[in-house]
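# just need the structure, nothing else, for what follows:
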Amino acid sequence: MDCIYCRRDSGPEPGIAHIIPEALVRNNATLPRGAVCDECNHRLGQLDSALVGHPAISFAIQFFGLPGKRRRPRERIGPVSRQTNGRHWQLSSKATIEGIDSSTGGKRTARFTIAPEPSFDLLLFRRALHHVALNYLAAIRGTSFVLESQFDDVRRYVRRPHRGEAWYFGERDGMGEHVPRSASLRLLRPAPEYTIFQVFHREFLVDLYHRPGFTAVAESEGFAVIDPETERIPPVSLRYVED
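Next up, the predicted model:
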């Protein structure tokens with residue numbers, strides 16, 4: 001089977017590639033063996049760290065104490081660290097806590113504003129979103145579909161982007177105050193190029209074809225557009241009520 005990223009043969013005994021990175025949440029959603037070769041799977045692993053470094057994502061992971069690849073909660077992700085007793089959070093100096101309590105019907109609640117770490121790499125984060133979206137399309141439409149030439153540009157962007165290359169994406173609050181302990185993907189309308197990636201309470205929109213018109217589509221669906229000129233995302237203001 002050919003790898004959907006480098007288009008070379010994946011070899012006789014390739015490993016397993018997850019559709020949604022286990023750095024977000026442990027899951028069994030994988031692509032067929034050989035859909036991603038071991039070299040590309042290893043190379044693209046750096047995108048997982050950028051994905052969880054988004055302040056809304058890192059806080060949700062620590063809020064729930066979700067285990068990573070090593071099957072245990074992580075002490076620190078991006079600007080959010082978690083104490084070993086699992087009951088308290090410590091945030092960087094760029095975060096403002098409005099309150100954390102457990103009085104909402106027995107559910108934990110947190111209100112806060114948090115900025116990304118200075119080390120947060122928005123260029124890698126953009127590529128990480130497109131990486132997950134292409135994996136998802138391969139899972140639902142088949143690897144032969146995403147090996148077609150119309151996806152050559154996005155596979156190149158994910159694997160070997162030009163220096164400073166940045167593609168559009170959209171972001172919105174998709175779940176209100178209630179935060180599911182999950183991540184999922186779906187297509188926007190029937191068009192395969194627009195993919196929505198729901199990560200806990202946040203939703204992201206990408207266009208795998210990278211064609212003009214993304215801003216109009218994204219804004220019509222209520223997404224804030226992060227254009228290629230944006231170098232840093234603003235602080236995130238959220239109120240969490242555990243689902």
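
# hey, let's count contacts and neighbours off CA atoms from now on
Noted.

# so how far is residue 34 from residue 144?
Applying CA to CA, to the nearest Å, one obtains 12 Å for the distance of residue 144 from residue 34.

# neighbour count winner among those two?
Here residue 144 and residue 34 are set side by side on neighbour count (other CA atoms under 10 Å), and the busier one is residue 34, at 21 against 13.

# roughly how far does that one sit from residue 78?
32 Å.

# repeat that for residue 182.
Taking CA to CA, one finds residue 182 at 19 Å from residue 78.

# between those two, point out the one with more neighbours.
Each of residue 182 and residue 78 has its neighbours counted (other CA under 10 Å); residue 78 has more, 23 against 15.

# which residues touch that one?
The neighbours of residue 78, taking CA atoms under 8 Å, 6 or more residues apart in numbering as the test, are 52-55, 58, 116-117, 120.

# what about the helices in this structure?
In the chain, the helices defined using DSSP state H lie at 38-43, 46-52, 55-64, 122-141, 143-146, 152-159, 214-220.

# next, the angle from the longest one to helix 152-159.
Taking axes from the mean of the first three to the mean of the last three CA atoms, to 10 degrees, helix 122-141 and helix 152-159 form an angle of 130 degrees between their directions.

# leaving aside the residues next to it on the chain, what's closest to residue 54?
In this structure, residue 54 finds its nearest non-sequential neighbour in residue 116, 6.4 Å apart by CA to CA, 6 or more residues apart in numbering.

# mean pLDDT per helix and strand in this structure: which one sits at the bottom?
Every helix and strand of the chain was ranked by mean pLDDT, DSSP states H and E. The lowest is strand 96-104, at a mean of 53.

# what about stretch 24-39, how long is it end to end?
Between the opening and closing residues of stretch 24-39 we find a distance of 21 Å, counting by CA to CA.

# state the number of residues packed around residue 163.
For residue 163, the count of nearby residues is 7 (other CA under 10 Å).

# next one: the one 5 residues further on
Using other CA under 10 Å, the number of residues around residue 168 comes to 21.

# ok, back up a step: a markdown table for the helices of the chain, including distance to residue 23 and mean pLDDT?
A markdown table is the format used below for these (distance: least, CA to CA, whole Å; pLDDT from 0 to 100):
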| stretch | distance to residue 23 | mean pLDDT |
| --- | --- | --- |
| helix 38-43 | 14 | 94 |
| helix 46-52 | 6 | 91 |
| helix 55-64 | 9 | 83 |
| helix 122-141 | 12 | 96 |
| helix 143-146 | 23 | 96 |
| helix 152-159 | 18 | 97 |
| helix 214-220 | 27 | 95 |
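
# between the ones you listed, which gets nearest to residue 30?
Closest approach to residue 30 among the helices of the chain is made by helix 122-141 (8.0 Å; CA to CA).

# give me the contacts around that closest one.
Helix 122-141 is contacted by residues 19-21, 31, 47-48, 50-51, 54, 144-146, 154-155, 157-158, 164-169, 185, 192, 195-197, 204, 206-208, 231-233 when judged by CA under 8 Å, 6+ apart.

# quick one: residues contacting the residue nearest to the spatial centre of the chain.
For the chain, the residue lying nearest the average C-alpha position, counting by CA atoms, centre = their mean, turns out to be residue 51 (4.6 Å). With contacts defined as CA under 8 Å, 6+ apart, the neighbours of residue 51 are 24, 57, 124-125, 128-129.

# please tell me I have it right and residue 235 contacts residue 113.
Yes - under the criterion of CA atoms under 8 Å, residue 235 lies in contact with residue 113, with a separation of 6.5 Å.

# thank you kindly, that will do.
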